[in-house]
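Enquirer: okay, predicted coordinates and the sequence, questions at the end:
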Amino acid sequence: MSTRIADMVRRKVDAGTLPIDTPKKLWRGIGSGKPCSACEAVILAADVEFEPQYDGRPSVVRFHVGCHGLWEAERRRRSHLPK
């Protein structure tokens, strides 16, 4: 399943749906009940939710912990994170 989600992350980064730039802050907390920006499944209250924040833009991106890891890996693959 993670391969499928990794492919979804790649396609969304390519399309500009998921940002590739480094967030100003990264919030973590309990799931909000809103869909994950990567896999589109609901982030339940029992889940950890990651929410990158950018200057001057309201956050509309949120991830499950595993989906966040796949997004970070894709950013690293594209040289947007230190290795």
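Expert: Structure received. Since the model is a prediction, treat every value here as computed from it, not as a measurement.
Enquirer: for the worst-scoring helix or strand of the chain on mean pLDDT, which positions count as buried?
Expert: One helix or strand of the chain scores below all others by mean pLDDT, DSSP states H and E: helix 2-15, with a mean of 90. Residues of helix 2-15 classed as buried under the neighbour-count rule (16 or more other CB atoms under 10 Å) are Ile5, Ala6, Met8, Val9, Arg10, Lys12, Val13. C-beta coordinates here come from the backbone N, C-alpha and C atoms, glycine included.
Enquirer: for the protein, which segments are assigned as helices?
Expert: Across the chain, reading from the start of the chain, the helices by DSSP state H fall at 2-15, 65-77.
Enquirer: tell me what Lys25 is bridged to.
Expert: Beta bridges link Lys25 to Gln53, judged by DSSP bridges.
Enquirer: please name the residues that touch Leu44.
Expert: Contacts of Leu44 were listed using CB atoms under 8 Å, 6 or more residues apart in numbering, and they are Gly31, Gly33.
Enquirer: can you tell me how far it sits from Gly33?
Expert: Taking CB to CB, to the nearest Å as the measure, Leu44 falls 7 Å from Gly33.
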